[in-house]
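Undergrad: give me coordinates for this.
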Amino acid sequence: MIVCPALSCSGLVTTSPNSSRRFIRLSFLYRSRWCEVGLRKRAPSSPDTPTRLEENFDSRTTIKMPYDFTTWDRNCLEEQVTPVQGEVTGTIPPWLRGSFLLDGPGRMTYGEHEFNHVFDGSALLQRFTFGETGATFCSRFLKSYAYTTNLENEQIVVSEFGTTGKSVTKGKLAKLGDKFAFDKMFSDNAPVGVVTFGGEYYCITEAPFLHKIDPTTLETISKVDLHKELGINSHCPNPKPLPDGSTLNILHAVGATGPKYDIVSFPSKPLDGKATVFAKPKKVGSVDARWKLNPCHMHTFGLTENYVVLLEQPLTIDVKAMVANTIRDKPFIGGMEWMENKLVKIHIVNRETGKEVKQKVKCEAFFFMHIINCYERENHIVIDVNAYKKPDLLHAFHLKNLRERGASLGNELDGGSVKRIVIPMEVSDKVSPELNLVMLAGTKAKANRQKDGSLYLTPDAVTDYAYEIPALHPDYTGKRYRYFYGSCGNMTLTTGKVGKVDFESREVKEWFEDGLYAGVSCFVPRPGATAEDDGVLLVTELHSADRKKVSVVILNSVDMTEVARVAFSTPSDVPRSLHGCFVAA
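TA: This is a model prediction of the structure:
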């Protein structure tokens, strides 16, 4: 069954894999050239020789629909330091008390200079606070070295993901020295998210820098340099808070055998007289990167009751290209390499012993940013992920592409899908390669033993599209669950939908309104609730018709109907955030 109200009004959409009718499935055929600065890939014919990406992607194009990509192209120049009251429609649940903290790229220009890529923007913190008198909004720029230096010089000095900064250092030797100084090679701009360590709040990014913030005023308090503290080069920007107050994360470092992924636990409070929790993390385990000069890009990782799960995808960072690009003043994105026709390698590390499970596991190739959840069930590990065929999204979000090809860009992009990967943990060495070793009910995922003893996994595509920046009940993280929420990857409509995915029924309930574009969402459970989906979903919504307006829509998370919304007018553009968290009052 499909219920689809007219796109000119708000409403719900329910899709089911057993439906006789579906939404229009768009298939396209086109040849296009993406922005000149893009990923690199290895040629399938010679897997050991890197070649430049031709940036031509095959798709089929028959229809163009106006998804508003200008909602990704916003430039905030003015903070909203003093909280402003919002206009409430409906009734905010009286039990909803606290703040929704968000982080994302905010400022895109300095003087006459502009960043090239959406992810380059200087971090802007946003806070929506719900209290007895309604809701308020405020925002502040993160006072990073990158932000303050660019502001002081009225130009882009510090290089970012897709933009090379202009050096203000005098002298050729001094400029060359600056290029290879770690804090000059990697920006401390942290627009990825707000996370907690030791009960305190920090803005984070992939680079090994964190900024401590005041969650009430959004003021920047101090900076943590994990390169100096721990000697790492980068880390995962989505750490896992644990029930005892400690925090688990993946650190990217270089050991005697090359690049490695260190699994560490940061304590709930400083130990042995140390000033911060970052000074002495506990090492849980370590995994060597499979390509010695190409460690993979790892935005998220999985965590179950007994295991840490790492997905080593074919999107990698070419160390040699990074060095060459630094010398040539090329941005970071040019050193990222898609390893064409390579599989996803899955590492499973025992949390207690720190040892990697000996069983070799590989999965069909895909690109991903977010693991939705990961848990154990009946001697299997279940991994749910938003998966894409290739990392085309990274190219698409160059501002040049958004502006010049926005009308057709949605049709050209892979909308992804939610895929369930299942790993059987007890495998006999005498089984037939044709036998599916996945014994769990309710999934189409497969696992087949290969001649070399490894497992080859085929995921189960649960939905037609990805549902990004996934949110779920916090108590179900790392445990068997049924629901999660996220923004729909379908960029061919005049709206940005938010959906509720039901893994048991394989149905998706979507909320949307024409002209509104869903951003980060957050599930807040109702106090005293026992059902997994009993609560509300907070959804940030940008307005296509008004760049200076933002709303938070409050949905009943059971049936995805609107309970209330709060609209705010601001003095400058409201940009998209990338991640957020809810801080209960």
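Undergrad: output the below-cut-off pLDDT ranges for this structure.
TA: 1-65, 169-184 (pLDDT under 70).
Undergrad: what do you get if the cut-off is 50, keeping everything else the same?
TA: 1-10, 17-65 (pLDDT under 50).
Undergrad: please enumerate the helices of it.
TA: 145-153, 172-179, 182-185, 226-230, 319-327, 392-396, 399-412 (DSSP state H).
Undergrad: list the beta-bridge partners for the closest residue in space to D288 that isn't next to it in sequence.
TA: Using C-beta to C-beta, 6 or more residues apart in numbering and skipping the chain neighbours, the partner closest in space to D288 is K260 (5.1 Å). No exception for glycine: its C-beta is placed from N, CA and C like everyone else's. With DSSP bridges as the criterion, K260 is bridged to A253, D288.
Undergrad: check C138 too.
TA: With DSSP bridges as the criterion, C138 is bridged to R127.
Undergrad: that one: what's it in contact with?
TA: Going by C-beta atoms under 8 Å, 6 or more residues apart in numbering, C138 touches Q80, V81, T82, P83, V84, Q126, R127, T129, L218.
Undergrad: mind running it again at 10 Å?
TA: Each residue near C138 by C-beta atoms under 10 Å, 6 or more residues apart in numbering is listed here: 79-84, 99, 125-129, 216-218, 568, 570.
Undergrad: can I get stretch 157-166 as CSV, trimmed to CA atoms?
TA: This file holds the C-alpha atoms of stretch 157-166, laid out as CSV (Å, rounded to 0.1, in the frame of the first residue of the first chain):
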residue,chain,number,x,y,z
VAL,A,157,44.2,31.4,4.8
VAL,A,158,43.6,27.9,6.3
SER,A,159,43.1,25.1,3.9
GLU,A,160,40.0,22.9,4.2
PHE,A,161,38.6,19.7,2.7
GLY,A,162,38.0,21.2,-0.8
THR,A,163,39.8,24.5,-0.7
THR,A,164,43.4,25.6,-0.5
GLY,A,165,44.1,28.6,1.7
LYS,A,166,46.3,31.5,0.6
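Undergrad: give me the buried positions along that stretch.
TA: By neighbour count, with 16 or more other C-beta atoms under 10 Å as the criterion, the buried positions of stretch 157-166 are V157, V158, S159, E160, F161, G162, T163, T164, G165.
Undergrad: which residue is the nearest non-sequential neighbour of the second one?
TA: Ranked by C-beta to C-beta, 6+ apart and with sequence neighbours excluded, the top spatial neighbour of V158 is A146, at 4.0 Å.
Undergrad: the fourth one now?
TA: What sits nearest to E160 in space, not counting adjacent residues and going by C-beta to C-beta, 6+ apart, is D120, at 3.7 Å.
Undergrad: T257 too?
TA: Nearest non-adjacent residue to T257, counting by C-beta to C-beta, 6+ apart: D288, 5.5 Å away.
Undergrad: for the one you found, the count of nearby residues, please.
TA: Residues near D288, counting by other C-beta atoms under 10 Å, number 15.
Undergrad: which residues does P208 contact?
TA: P208 makes contact with 182-183, 186, 188, 224-235, 251-253 under the criterion C-beta under 10 Å, 6+ apart.
Undergrad: which of these count as buried?
TA: By neighbour count, with 16+ other C-beta under 10 Å, the contacts of P208 hold 183, 186, 188, 224, 226-227, 230, 232-235, 251-253 as buried.
Undergrad: adding distance to S544, write the residues you listed out as CSV.
TA: Formatted as CSV, the buried ones among the contacts of P208 follow (distance: C-beta to C-beta, whole Å):
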residue, distance to S544
D183, 39
F186, 35
D188, 33
V224, 38
L226, 39
H227, 41
L230, 44
I232, 41
N233, 39
S234, 35
H235, 36
L251, 40
H252, 38
A253, 44
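Undergrad: state the pair within these that is farthest apart.
TA: Using C-beta to C-beta, these span at most 18.5 Å, a distance reached by D188 and A253.
Undergrad: just to revisit the earlier point, what's the burial count for the residue nearest to V158?
TA: 25.
Undergrad: quick one, strands of the stretch 101-250 of the chain?
TA: 109-110, 113-114, 122-131, 134-141, 193-197, 200-204, 209-213, 220-225, 234-235, 240-241, 247-255 (DSSP state E, counting those that start in this stretch).
Undergrad: deepest of the helices of the chain, which one?
TA: Of all these, helix 392-396 has the most neighbours on average by mean count of other C-beta atoms under 10 Å, namely a mean of 21.
Undergrad: now that helix, how far from the centre of its chain.
TA: Remark: helix 392-396 is offset 14 Å from the chain centroid, using C-alpha atoms, centre = their mean, to the nearest Å.
Undergrad: so where do the strands sit in the stretch 301-450 of the chain?
TA: 302-303, 307-312, 315-317, 336-338, 344-350, 361-363, 367-377, 380-388, 417-424, 446-449.
Undergrad: of all those, which lies closest to G519?
TA: For the strands of the stretch 301-450 of the chain, the distance to G519 is smallest for strand 367-377, at 14.4 Å, taking C-beta to C-beta.
Undergrad: what sits against the most far-flung residue of the chain relative to its centre?
TA: Using C-alpha atoms, centre = their mean, the residue of the chain lying farthest from its centre is K430. It sits 40.0 Å away. Contact analysis of K430 by C-beta under 10 Å, 6+ apart lists R449.
Undergrad: repeat that for A529.
TA: W95, H473, G535, S557.
Undergrad: for stretch 517-537, buried residues please.
TA: Quick answer for stretch 517-537 (16+ other C-beta under 10 Å): 517-526, 532-533, 535-537.
Undergrad: that should have said stretch 445-456, apologies.
TA: Applying 16+ other C-beta under 10 Å to stretch 445-456 flags A445, K446, A447, N448, R449, S454, L455, Y456 as buried.
Undergrad: in space, what's closest to the second one - neighbours in sequence excluded?
TA: What it means is K446. T458 (4.0 Å).
Undergrad: wouldn't the one you found be in contact with L437 here?
TA: No - T458 is not in contact with L437 according to C-beta atoms under 10 Å; the separation is 11.2 Å.
Undergrad: and for these two, which residues touch both?
TA: Common neighbours of T458 and L437, using C-beta under 10 Å, 6+ apart, are V422, K446, A447, N448.
Undergrad: for those residues, give me JSON lines that also has distance to N325.
TA: Listed next are the shared contacts of T458 and L437 as JSON lines, based on distance: C-beta to C-beta, whole Å:
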{"residue": "V422", "distance to N325": "39"}
{"residue": "K446", "distance to N325": "40"}
{"residue": "A447", "distance to N325": "39"}
{"residue": "N448", "distance to N325": "40"}
